[in-house]
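>>> after the sequence you'll find the predicted model.
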Amino acid sequence: MLSTRFPHSSFKLVFVDHAYQDVSSYSTLGIVSTNLLYSPRVIDQVFPSRCVLAHIVARQYFGCYVLPQLWSDWWLPLGIAGFMAGLYLKKAFGGTEYQHWIMQEQNKVHQFELDHTLPPLCTPSALNTPSTSASATPTGIPSSRSVLHPHLLSEMDVKTLSSKAHLIIRMLQLRIGHDLLVQVFNKLLTLASTASQTNEFSIWNNLLISTSGLMKSILTVSGKDMSHFMEQWLCRCGIPSFSISFSYVRKKNLVELKLKQDLPRNLAKFNGPLTVVVQEFDGCFPHTIQVEESTTVYELPCHSKIRKSKKRKVPLSHGEEVEVDVSSLDTEVPILWVRVDPDFQWIRRVNMEQADTIWQCVLKYERDATAQIESILALESFPSGPSRDLLRDVILNPQLFYRVRIQAGQSLAKMLTDTASSGGSASFLIGIYHRLFGTASHPSIVRYNDFSDVAGYLIQKELHTSVAGVRGGQNQSPVEVRTFLLEVLKYSDNQMNKFTDCYYTASLIDALAKTVMPKVAVAANPSGVDTSKSPLQNLIAEAQAVLQEIVQHLNIEKVLPSFHCSITCSCLRALRVLQKNGHLPPDSSLFMQYSSVGNFYELRLAALQCVADIVQADHSDKDLDYLMALVDNDEPRIQAAILDMLAANPPFTRRVESKLNTLTLVERLWSLMCSKFSHDSRLRNAAAQLYSSLYGRLTPTCVPQGLGIVIDLKEKVARTSMASPVVTTLVAPAEDTKLLHSSQVVGGGTSLVGQTSSASTPTLKIQLPGMSLLDSPQVVPPTPPIKPLPLSLKLAFPSPLTPAKLSSPSLTILEGHTPDEGMMMEEGVVSPSHQLKKHKSEHKHKKKHKHKEDRHGDQKGEGNKEEHRRKHKHRHSKDTSSQGEL
């Protein structure tokens, strides 16, 4: 792919047990978890392990050798490395697999943007910053989340950022061409290699890559200015979403295409060219439309004429000419179908509105796998007999892409559920399974396992889940589905197979758990349950059969563990399903045993997920304390996994009252974010994500009234809801009377701490009206003991109704009072600024009044001097005479 040699003299790949992350890339070194190692007998681990290894090698070029210049350019090495890894996947697994992977990445980014809105990847200033200073290294932490910094992002944010970044690099490839883009990469690597071999400091800047530098290189190589493209996709949030419909105008012989942009959260409109492919009777004709407005109607010329023959040969986009049966289509319209952006030239979401007959035509004759998957998903909304038969033919067709056949099985299960009242039955899908994997003499008996055909193995494994998803009347799982799965699991024979069947068996157990229905309480006979028997003896027959298989495979796993303990993980999930549906008591003791230290990592994750589900469903404070204890004491990757589980499935929300919502939990999470995990950005962000899922941006409801700050997002100010506090204890050193004060927000509340500039710090305790002391009064004696100054303090807070920014409490020194005399002093709620203005006004008034008295005294002062001297002399003589008499 690249014509440049490997940038380093060596490369070492180290597999580490209990690695903090699955992948860590460094210069000449890649640290990988041992969980990515697999035996040749394992099929399911091949694709993810190769993806990881390809990404590690690509990171050696961009990310370890060539570094980002600024944090705004952090997306660039991630995107280039992901793009290069994708090219390897395309070469190793084929273009169809690569195209499906691109579609999945776009759907993942779109879903994340709908739920969370990823910030812009780059700032507008970074697009115009020339890369001329070698000192502009990525140092410092930005003050807001507008700049993507790795220490401010959660793990899901980083994954979505990587996906969006490599999709943007792929869009650049489609704009300037693959060869020119590879030439740009080779140029950047050549300059970096030259800079690394010299001692001239001035050219070391070539070891850094920036967005503006990439734009300059593209302009030099291709002559195309990509500033508008970069500004649209890097400096804006969200991705475009289109709703499209079309109609044929017979008089003008043209197609009217109506395009509407869906703009959630006031996102900017998409502006740019969009490719529209119209498949007509006489061929496939591409059109390019310019999207500028939110809603636009485009007129596209039609090149075919109406012919009333039922069958005709139609040339398709890939050059093949097929005979198309148009009897089910509208004979007055010479158009088979319309596709928008078929090559995924943009990161977008397209909702195409077409009739079911058009979608069926796409599925029959279009050879693009992504188009077939889109048509299958669209046919879920049109449950009918022809659609059901067409999906059956797709599953049975061995020439189609295996992912298309898997998607057809999943959609067929939904369609059979929707048509259960009109004849849809699970036996239809079970019959397809028997035709594919049954013996020749008796199709209902599944033949020996043979996974030499990898595509057939993956389809067979996924069909178990599809069959289990079929529902009958009253949304109940049919009996034949459970019977079918139990028979397949019972007679599964892997003796003649050279590949392991652990994931195959795990899929059967997962499918069997999917058939478990909620236990129905008998209202007419509440005493029908025999209380003398154990809960296991009171199980219904269906639940007993499922539980028997689970226990049997758990016992086998104790002796012969499967690869990554995949069967045990499925058994634990199945037990949790039985508990959720009321067949077993919600006991977490078994899951705690499997989640203890010493078990395999993925097995612990599966058990912890079950415990987290119990916490969410049953509000168990004991299980929540167990999980939080692991967060405090376990290894970092387990800590991050537990926090992510609780954030994805929170035990409660701020809108729901729960006994788990306690002040202890608030303080615990805040301590994790601010102190315990302050050194680890991954854990700190995971804890912050959990806190946001539980309490949002408001003060937790468990925090007592008066200990909160309300943030007004419209006025961008903070309002305090504190009442006037009462000082209980204060001891200050004698050397320094200058007291410092600070306010610190903790968990949505406020704690006030009085400080001094000396080494000895006084302890300030606050008691609010209507609540007990936050802490017992305590006195911190200075060392050595020094007599405290005769002073006491008053605290004044801003008024709750004053829309001013939060100020620290003002400390006023009152002379003439010892701590014993004037310690409990009260004052109205007055803001510090108001106190300062009042003090200045009184001082000015006294000064002015004194000046007037001095002027008046000068006028009559001369007349009073003699009288004053006479009185003073008379008093002195009287005292002298009295002393003489004594």
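Right, received. Where do you want to start? Numbers count the residues shown, from 1 in each chain.
>>> which positions in stretch 572-590 come out as buried?
For stretch 572-590, a neighbour-count test (16 or more other CB atoms under 10 Å) marks Leu572, Arg573, Ala574, Leu575, Arg576, Val577, Leu578, Gln579, Lys580, His583, Leu584, Ser588 as buried. In short, each C-beta sits where N, CA and C put it, glycine included.
>>> now those residues as TSV including secondary structure, pLDDT and distance to Ser384?
Output for these, formatted as TSV (DSSP: H, G, I helix; E, B strand; the rest coil; pLDDT from 0 to 100; distance: CB to CB, whole Å):
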residue	secondary structure	pLDDT	distance to Ser384
Leu572	helix	96	40
Arg573	helix	96	35
Ala574	helix	96	35
Leu575	helix	95	39
Arg576	helix	95	37
Val577	helix	95	32
Leu578	helix	94	36
Gln579	helix	93	39
Lys580	helix	93	34
His583	coil	90	37
Leu584	coil	90	40
Ser588	coil	92	46
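>>> can you tell me what sits against stretch 80-88?
With contacts defined as CB atoms under 8 Å, 6 or more residues apart in numbering, stretch 80-88 is touched by 1-2, 50-51, 54-55, 58-59, 61-63, 98, 101-102, 162-163, 165-166, 169-170, 173, 185.
>>> what values do phi and psi take at Pro273?
Main-chain dihedrals, Pro273, degrees, to the nearest 10: phi -80, psi 150.
>>> quickly note the distance from it to Val16.
48 Å (CB to CB, to the nearest Å).
>>> equivalent analysis for Ser387, please.
Ser387 sits 51 Å away from Val16, going by CB to CB.
>>> settle it for me: which of those two has more neighbours?
Set side by side, Ser387 and Val16 show more neighbours around Ser387, with 24 against 12, by other CB atoms under 10 Å.
>>> got the contact list for that one?
Ser387 makes contact with Asp356, Gln360, Leu379, Met415, according to CB under 8 Å, 6+ apart.
>>> most neighbours out of the residues you listed, which is it?
Greatest neighbour count in the contacts of Ser387, by other CB under 10 Å, goes to Leu379: 25 neighbours.
>>> neighbours around the closest residue to Thr515 other than its chain neighbours, how many?
Spatial nearest neighbour of Thr515, chain neighbours left out: Ser477 (4.2 Å); criterion: CB to CB, 6 or more residues apart in numbering. When neighbours are defined as other CB under 10 Å, Ser477 has 19 of them.
>>> what's the answer for Lys498, then?
Neighbourhood size, Lys498 [other CB under 10 Å]: 11.
>>> could you say which helix or strand contains the residue lying closest to it once chain neighbours are set aside?
Leaving aside its chain neighbours, Lys498 sits nearest to Arg41 (6.7 Å; criterion: CB to CB, 6+ apart). For Arg41, there is no enclosing helix or strand under DSSP states H and E.
>>> ok, now which ones touch Leu174?
Asp343, Gln345.
>>> in CSV: the contacts of Ser387, plus pLDDT and distance to Thr117.
Putting the contacts of Ser387 into CSV (pLDDT from 0 to 100; distance: CB to CB, whole Å) gives the following:
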residue, pLDDT, distance to Thr117
Asp356, 91, 34
Gln360, 93, 37
Leu379, 94, 31
Met415, 92, 34
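>>> roughly how far does Asp680 sit from Gln639?
From Asp680 across to Gln639, the span is 9 Å (CB to CB).
>>> who has more neighbours out of those two?
Neighbours per residue (other CB under 10 Å) separate Asp680 from Gln639, with Gln639 holding more: 22 against 16.
>>> enumerate every residue touching the more buried one.
Contact analysis of Gln639 by CB under 8 Å, 6+ apart lists Leu630, Val631, Leu683, Ala686.
>>> would you reformat those as TSV and include pLDDT?
TSV is the format used below for the contacts of Gln639 (pLDDT from 0 to 100):
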residue	pLDDT
Leu630	95
Val631	95
Leu683	93
Ala686	93
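>>> shaky segments in the protein?
For the chain, the stretches flagged by pLDDT under 70 are 1, 129-148, 265-266, 422-424, 521-538, 705-886.
>>> give me the nearest residue to the residue positioned nearest the centre of it, chain neighbours excluded.
Nearest residue to the geometric centre of the chain (CA atoms, centre = their mean): Met156, 3.9 Å. Take Met156 and drop its neighbours on the chain: the residue closest to it by CB to CB, 6+ apart is Phe112, 7.3 Å away.
>>> so how far is Leu118 from the one you found?
Going from Phe112 to Leu118 by CB to CB gives 6 Å.
>>> Cys565 now?
To Leu118, Cys565 is 34 Å away according to CB to CB.
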